[in-house]
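Chemist: pasting the structure only:
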């Protein structure tokens, strides 16, 4: 089974985009879910159109494939805090970055590489904890 790597990012206007690292497909939407669904619809449309018009298309579209999504940590921060699912206090606990700094990141301050890595590690730890509970 082919694994396709895709990256999800939040745009300045609050919308989300998803794009494949090594393939031509992308999508956009008002939420992460909308962007993912848009990309999947584009993949299906591309294949259907290529078959109809007699063009070549990526052969993995004929079999099972999996899309591995990566979300940049600032997009995760904006998404989960903005939607009320997580709080800055909770993210402070998982990342070790104080709430004022997290707020600044949500509102345009670009984190240094070390801080971005801490934020990313915090989200990965949260993911691992949730996976161990629901596995």
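Modeler: Looks like it arrived, so ask away. Values in this document were obtained by computation on a predicted structure and should not be read as measured data.

Chemist: how near is residue 31 to residue 114?
Modeler: From residue 31 over to residue 114 the distance is 30 Å, taken as CB to CB, to the nearest Å. C-beta here means a position set from N, CA and C on the backbone, and glycine is covered the same way.

Chemist: out of these two, which sits in the more crowded spot?
Modeler: The neighbour comparison of residue 31 against residue 114 (other CB atoms under 10 Å) goes to residue 31, with 13 against 8.

Chemist: Once you drop chain neighbours, what's closest to that one?
Modeler: Closest residue in space to residue 31, ignoring its immediate chain neighbours: residue 16 at 6.3 Å, by CB to CB, 6 or more residues apart in numbering.

Chemist: and stretch 83-93, how far out from the chain's middle?
Modeler: Counting by CA atoms, centre = their mean, to the nearest Å, stretch 83-93 is centred 18 Å from the centre of its parent chain.

Chemist: quick one: average confidence on it?
Modeler: Average pLDDT, stretch 83-93: 92.

Chemist: which residues touch it?
Modeler: Stretch 83-93 has contacts (CB atoms under 8 Å, 6 or more residues apart in numbering) with 77, 80, 81, 97, 98, 99, 102, 103, 119, 122.

Chemist: And what about the residue nearest to residue 67 when sequence neighbours are not counted, helix, strand or coil?
Modeler: Ranked by CB to CB, 6+ apart and with sequence neighbours excluded, the top spatial neighbour of residue 67 is residue 4, at 4.9 Å. Taking DSSP: H, G, I helix; E, B strand; the rest coil as the rule, one finds residue 4 in the strand state.
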